[in-house]
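**Q** just a sequence and a predicted model for now, questions to come.
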Amino acid sequence: QVQLKESGPVLVQASETLSLTCTVSGFSLTNYGVIWVRQPPGKGLEWMGIIWRNGNTDYNSALKSRLSINRDTSKSQVFLKMNSLQTDDTAIYYCTRITIAAMGDYWGQGVMVTVSS
Amino acid sequence: DVVLTQTPPTLSATIGQSVSISCRSSQSLLHSNGNTYLNWLLQRPGQPPQLLIYLVSRLESGVPNRFSGSGSGTDFTLKISGVEAEDLGVYYCVQSTHAPFTFGSGTKLEIK
(Lines give C-alpha, C1' and ligand atoms only; values in the text may rest on other atoms or scores of the structure.)
Protein backbone atom coordinates (compact mmCIF):
# COMPACT_ATOMS: atom_id res chain seq x y z
CA GLN A 1 0.00 0.00 0.00
CA VAL A 2 1.01 3.62 -0.45
CA GLN A 3 2.99 5.09 2.43
CA LEU A 4 5.11 8.15 3.04
CA LYS A 5 7.31 8.65 6.08
CA GLU A 6 9.25 11.74 7.10
CA SER A 7 12.47 11.47 9.05
CA GLY A 8 15.11 13.85 10.32
CA PRO A 9 16.30 15.76 13.37
CA VAL A 10 13.69 17.00 15.83
CA LEU A 11 15.91 19.83 17.12
CA VAL A 12 17.99 22.16 14.99
CA GLN A 13 19.98 25.23 15.99
CA ALA A 14 19.13 28.60 14.51
CA SER A 15 21.21 29.54 11.47
CA GLU A 16 21.86 25.86 10.69
CA THR A 17 20.51 23.72 7.85
CA LEU A 18 17.54 21.40 8.12
CA SER A 19 17.71 18.09 6.27
CA LEU A 20 14.62 15.92 6.06
CA THR A 21 13.91 12.71 4.18
CA CYS A 22 10.58 11.44 2.89
CA THR A 23 10.73 7.71 2.24
CA VAL A 24 7.90 6.42 0.10
CA SER A 25 6.59 2.95 -0.65
CA GLY A 26 3.83 1.53 -2.78
CA PHE A 27 4.53 3.84 -5.73
CA SER A 28 7.38 5.09 -7.86
CA LEU A 29 8.77 8.62 -7.72
CA THR A 30 9.00 8.53 -11.51
CA ASN A 31 5.21 8.25 -11.69
CA TYR A 32 4.15 10.68 -8.95
CA GLY A 33 5.33 13.98 -7.57
CA VAL A 34 5.99 14.65 -3.89
CA ILE A 35 5.25 17.87 -2.06
CA TRP A 36 6.53 19.24 1.22
CA VAL A 37 4.08 21.09 3.48
CA ARG A 38 4.72 22.56 6.90
CA GLN A 39 2.53 23.69 9.78
CA PRO A 40 3.78 25.91 12.61
CA PRO A 41 2.21 25.10 15.99
CA GLY A 42 -1.41 26.21 16.08
CA LYS A 43 -1.27 27.65 12.57
CA GLY A 44 -2.34 26.73 9.06
CA LEU A 45 -0.70 24.72 6.31
CA GLU A 46 2.09 26.20 4.20
CA TRP A 47 3.04 24.74 0.83
CA MET A 48 6.82 24.57 0.59
CA GLY A 49 7.71 22.95 -2.70
CA ILE A 50 7.34 20.06 -5.08
CA ILE A 51 9.51 17.63 -6.96
CA TRP A 52 7.58 16.52 -9.99
CA ARG A 53 7.71 13.01 -11.40
CA ASN A 54 10.15 14.21 -14.08
CA GLY A 55 12.48 15.57 -11.39
CA ASN A 56 11.70 19.25 -11.94
CA THR A 57 11.04 21.39 -8.90
CA ASP A 58 8.96 24.39 -7.86
CA TYR A 59 9.23 26.31 -4.62
CA ASN A 60 7.28 28.64 -2.38
CA SER A 61 8.33 32.13 -3.41
CA ALA A 62 9.09 33.15 0.17
CA LEU A 63 11.32 30.12 0.82
CA LYS A 64 12.92 29.76 -2.60
CA SER A 65 16.27 31.28 -1.64
CA ARG A 66 16.73 28.84 1.30
CA LEU A 67 15.08 25.66 0.05
CA SER A 68 16.04 22.77 -2.16
CA ILE A 69 14.25 19.51 -2.88
CA ASN A 70 15.75 16.53 -4.65
CA ARG A 71 15.36 12.79 -4.72
CA ASP A 72 16.94 9.38 -5.10
CA THR A 73 14.49 7.34 -7.14
CA SER A 74 16.44 4.10 -6.55
CA LYS A 75 15.91 4.48 -2.82
CA SER A 76 12.38 5.95 -3.13
CA GLN A 77 13.45 8.96 -1.13
CA VAL A 78 12.81 12.68 -1.45
CA PHE A 79 15.04 15.12 0.36
CA LEU A 80 14.35 18.59 1.72
CA LYS A 81 17.15 20.96 2.66
CA MET A 82 16.52 24.39 4.06
CA ASN A 83 19.28 26.66 5.29
CA SER A 84 19.53 29.68 7.59
CA LEU A 85 16.86 28.36 9.91
CA GLN A 86 15.11 30.70 12.31
CA THR A 87 12.80 30.02 15.25
CA ASP A 88 9.75 30.67 13.09
CA ASP A 89 10.73 27.63 11.00
CA THR A 90 9.59 25.53 13.96
CA ALA A 91 6.81 23.39 12.54
CA ILE A 92 5.50 19.97 11.69
CA TYR A 93 6.89 19.05 8.28
CA TYR A 94 4.81 16.75 6.09
CA CYS A 95 5.39 15.12 2.75
CA THR A 96 2.46 14.24 0.54
CA ARG A 97 1.85 12.81 -2.89
CA ILE A 98 0.41 14.49 -5.95
CA THR A 99 -1.31 12.62 -8.77
CA ILE A 100 -2.30 13.91 -12.19
CA ALA A 101 -5.62 14.96 -10.71
CA ALA A 102 -5.26 15.51 -6.97
CA MET A 103 -2.93 17.03 -4.44
CA GLY A 104 -2.54 15.19 -1.19
CA ASP A 105 -4.11 11.77 -1.65
CA TYR A 106 -1.59 10.26 0.79
CA TRP A 107 0.30 11.99 3.59
CA GLY A 108 3.07 11.10 5.98
CA GLN A 109 2.46 11.44 9.71
CA GLY A 110 4.77 14.44 9.82
CA VAL A 111 7.89 15.24 11.80
CA MET A 112 7.96 18.01 14.39
CA VAL A 113 11.07 20.14 14.00
CA THR A 114 12.00 22.69 16.66
CA VAL A 115 14.50 25.42 15.86
CA SER A 116 16.33 26.52 18.97
CA SER A 117 18.02 29.88 19.38
CA ASP B 1 1.34 33.75 -6.43
CA VAL B 2 -2.32 32.75 -6.18
CA VAL B 3 -4.06 33.84 -2.98
CA LEU B 4 -6.94 31.72 -1.71
CA THR B 5 -9.38 33.46 0.63
CA GLN B 6 -11.39 31.06 2.75
CA THR B 7 -14.51 32.01 4.68
CA PRO B 8 -15.71 31.78 7.34
CA PRO B 9 -12.65 31.23 9.56
CA THR B 10 -14.78 29.35 12.07
CA LEU B 11 -18.07 27.54 11.81
CA SER B 12 -20.21 26.11 14.57
CA ALA B 13 -22.80 23.51 13.62
CA THR B 14 -25.17 21.07 15.25
CA ILE B 15 -25.28 17.43 14.22
CA GLY B 16 -27.37 17.11 11.09
CA GLN B 17 -27.00 20.73 10.05
CA SER B 18 -25.75 21.54 6.54
CA VAL B 19 -22.86 23.98 6.21
CA SER B 20 -20.83 25.57 3.42
CA ILE B 21 -17.29 26.89 3.19
CA SER B 22 -16.19 29.35 0.52
CA CYS B 23 -12.80 29.51 -1.19
CA ARG B 24 -12.11 32.42 -3.51
CA SER B 25 -9.02 32.65 -5.68
CA SER B 26 -7.13 35.76 -6.76
CA GLN B 27 -7.01 34.35 -10.29
CA SER B 28 -8.76 31.72 -12.32
CA LEU B 29 -7.82 28.15 -11.42
CA LEU B 30 -8.73 26.85 -14.86
CA HIS B 31 -5.63 25.16 -16.25
CA SER B 32 -4.71 25.39 -19.92
CA ASN B 33 -5.52 21.67 -20.17
CA GLY B 34 -9.16 22.37 -19.23
CA ASN B 35 -8.98 21.01 -15.67
CA THR B 36 -9.46 23.06 -12.52
CA TYR B 37 -7.16 21.81 -9.79
CA LEU B 38 -8.96 22.86 -6.66
CA ASN B 39 -8.76 20.42 -3.74
CA TRP B 40 -10.36 20.31 -0.29
CA LEU B 41 -8.66 18.78 2.72
CA LEU B 42 -9.77 18.07 6.28
CA GLN B 43 -7.31 18.07 9.15
CA ARG B 44 -8.68 16.45 12.27
CA PRO B 45 -7.01 17.36 15.58
CA GLY B 46 -3.57 15.82 15.90
CA GLN B 47 -3.72 14.24 12.45
CA PRO B 48 -2.21 14.97 9.05
CA PRO B 49 -4.63 16.39 6.50
CA GLN B 50 -6.73 14.06 4.39
CA LEU B 51 -8.04 14.64 0.89
CA LEU B 52 -11.80 15.03 0.57
CA ILE B 53 -12.40 16.56 -2.87
CA TYR B 54 -10.23 17.08 -5.96
CA LEU B 55 -10.84 18.66 -9.35
CA VAL B 56 -13.45 20.91 -7.68
CA SER B 57 -16.13 18.28 -7.23
CA ARG B 58 -14.71 14.76 -7.37
CA LEU B 59 -15.06 12.82 -4.15
CA GLU B 60 -11.93 11.02 -2.99
CA SER B 61 -12.37 7.29 -2.50
CA GLY B 62 -13.77 6.44 0.92
CA VAL B 63 -15.05 9.95 1.64
CA PRO B 64 -18.74 10.07 2.64
CA ASN B 65 -21.05 11.54 0.03
CA ARG B 66 -22.36 14.15 2.47
CA PHE B 67 -19.30 16.10 1.28
CA SER B 68 -19.63 17.86 -2.05
CA GLY B 69 -17.68 20.50 -3.94
CA SER B 70 -18.74 22.98 -6.55
CA GLY B 71 -17.58 26.09 -8.33
CA SER B 72 -15.52 27.28 -11.24
CA GLY B 73 -12.97 29.89 -12.17
CA THR B 74 -12.30 31.77 -8.95
CA ASP B 75 -15.21 30.82 -6.66
CA PHE B 76 -15.52 27.44 -4.99
CA THR B 77 -17.62 25.92 -2.24
CA LEU B 78 -17.41 22.87 -0.01
CA LYS B 79 -20.74 21.72 1.38
CA ILE B 80 -21.37 19.24 4.15
CA SER B 81 -24.96 17.99 3.98
CA GLY B 82 -25.71 16.80 7.48
CA VAL B 83 -22.71 17.37 9.72
CA GLU B 84 -21.59 14.43 11.84
CA ALA B 85 -19.44 14.51 14.96
CA GLU B 86 -16.43 13.07 13.10
CA ASP B 87 -16.43 16.08 10.74
CA LEU B 88 -14.89 18.40 13.30
CA GLY B 89 -11.51 19.81 12.36
CA VAL B 90 -10.02 22.39 10.03
CA TYR B 91 -10.91 22.45 6.35
CA TYR B 92 -8.45 23.80 3.78
CA CYS B 93 -8.78 24.52 0.11
CA VAL B 94 -5.57 24.18 -1.89
CA GLN B 95 -4.95 24.97 -5.53
CA SER B 96 -2.64 22.89 -7.67
CA THR B 97 -3.21 24.69 -10.97
CA HIS B 98 -0.50 27.35 -10.70
CA ALA B 99 2.90 26.68 -9.17
CA PRO B 100 3.74 27.58 -6.49
CA PHE B 101 0.62 25.93 -5.10
CA THR B 102 -1.16 27.66 -2.23
CA PHE B 103 -3.48 26.87 0.65
CA GLY B 104 -6.41 28.79 1.99
CA SER B 105 -6.14 29.93 5.60
CA GLY B 106 -8.51 27.24 6.86
CA THR B 107 -12.02 26.99 8.35
CA LYS B 108 -12.40 25.45 11.76
CA LEU B 109 -15.58 23.45 12.15
CA GLU B 110 -16.83 23.05 15.70
CA ILE B 111 -19.72 20.86 16.76
CA LYS B 112 -22.24 22.49 19.08
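**A** Sure thing, it's come through. Numbers count the residues shown, from 1 in each chain, chains lettered A, B, ... in the order given.
**Q** check contacts around the one residue in chain A that gets nearest to chain B.
**A** For chain A and chain B, the shortest gap (C-beta to the nearest C-beta) falls at A:Ala102, measuring 3.5 Å. Every residue, glycine included, has its C-beta placed from N, CA and C. A:Ala102 makes contact with B:39, B:51, B:54-55, B:58, B:60, B:96, according to C-beta atoms under 8 Å, 6 or more residues apart in numbering or on different chains.
**Q** who wins on neighbours among these?
**A** B:Asn39 (29 neighbours; other C-beta atoms under 10 Å in any protein chain shown).
**Q** element containing the residue nearest the centre of chain A?
**A** By C-alpha atoms, centre = their mean, the mean C-alpha position of chain A lies nearest to A:Trp36, the distance being 3.1 Å. Assigned by DSSP states H and E, A:Trp36 belongs to strand A:33-39.
**Q** do that strand and chain B meet?
**A** Yes. Using C-beta under 8 Å from any C-beta of the partner chain, strand A:33-39 reaches chain B at A:35, A:37.
**Q** hmm, who's touching that strand?
**A** Residues contacting strand A:33-39 (C-beta under 8 Å, 6+ apart): A:4, A:20, A:22, A:24, A:45-53, A:69, A:71, A:78, A:80, A:89, A:91-98, A:103-104, A:110, B:49, B:101, B:103.
**Q** can you give the strand pairings for that strand, parallel or anti for each?
**A** Strand A:33-39 has these partner strands in its sheet, going by DSSP bridges: strand A:46-51 (antiparallel), strand A:91-98 (antiparallel).
**Q** quick one: distance of it to the chain centre.
**A** 4 Å (C-alpha atoms, centre = their mean, to the nearest Å).
**Q** ok, now which ones touch the residue of chain B found nearest chain A?
**A** Per C-beta to the nearest C-beta, B:Tyr54 is where chain B lies closest to chain A, at 3.5 Å. B:Tyr54 is in contact with A:101-103, A:105, B:37-40, B:60, counting by C-beta under 8 Å, 6+ apart.
**Q** and which of those is nearest A:Val115?
**A** Proximity of the contacts of B:Tyr54 to A:Val115 (C-beta to C-beta) peaks at A:Met103, which lies at 26.7 Å.
**Q** just list whatever residues bridge to that closest one.
**A** Residues in a beta bridge with A:Met103, per DSSP bridges, are A:Ile98.
**Q** next one: A:Gln77
**A** Legend: beta-bridge partners of A:Gln77 under DSSP bridges are A:Thr23, A:Asp72.
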